[in-house]
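K.L.:
This is a predicted model, with the sequence first.
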Amino acid sequence: MDKTIGLVQLVLIALKVIGVITWSWWLVLLPLWVGIILFLIIIFIGGIALAVGRNEDVKERRKEMDRMWNGKHGEDD
């Protein structure tokens, strides 16, 4: 997929430079921006998932610490 987007990007730039298309540069560079935006969205979603996962881990550790401090070693609540 990356190679396809890269190839499309190169073709669009070449067509713009030789004058075959008269599109604005932001349209010509759109495949590049789409790739960057998709990457940032994936990083953002991954960060949210990581934060939620850590929150659950923290809750579990707090429960374990409460069990230890209250003398409930291995007992179910």
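P.N.:
Perfect, I can see it now. Residues are numbered from 1 along each chain as shown.

K.L.:
Run through this structure and note the low-pLDDT ranges.
P.N.:
For the chain, the stretches with pLDDT under 70 are 1, 72-77.

K.L.:
which residue ranges form the helices in it?
P.N.:
Along the chain, the segments classed as helices by DSSP state H run 2-18, 25-28, 30-69.

K.L.:
Turn these into JSON lines, including mean neighbour count.
P.N.:
Glycine gets a C-beta too; all of them are placed from N, C-alpha and C. As requested, these are exported to JSON lines (neighbours: other C-beta atoms under 10 Å):
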{"stretch": "helix 2-18", "mean neighbour count": "12"}
{"stretch": "helix 25-28", "mean neighbour count": "12"}
{"stretch": "helix 30-69", "mean neighbour count": "11"}
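
K.L.:
List phi and psi for residue 21.
P.N.:
Note on residue 21: backbone dihedrals following degrees, to the nearest 10 are phi -110, psi 150.

K.L.:
In space, what's closest to it - neighbours in sequence excluded?
P.N.:
Of all residues not flanking residue 21 in the chain, residue 15 sits nearest, at 4.7 Å (C-beta to C-beta, 6 or more residues apart in numbering).

K.L.:
in terms of contact, does the one you found touch residue 27 like I think?
P.N.:
No: Residue 15 lies out of contact with residue 27 (C-beta atoms under 8 Å); the separation is 11.3 Å.

K.L.:
Distance of residue 8 relative to residue 60?
P.N.:
47 Å (C-beta to C-beta, to the nearest Å).
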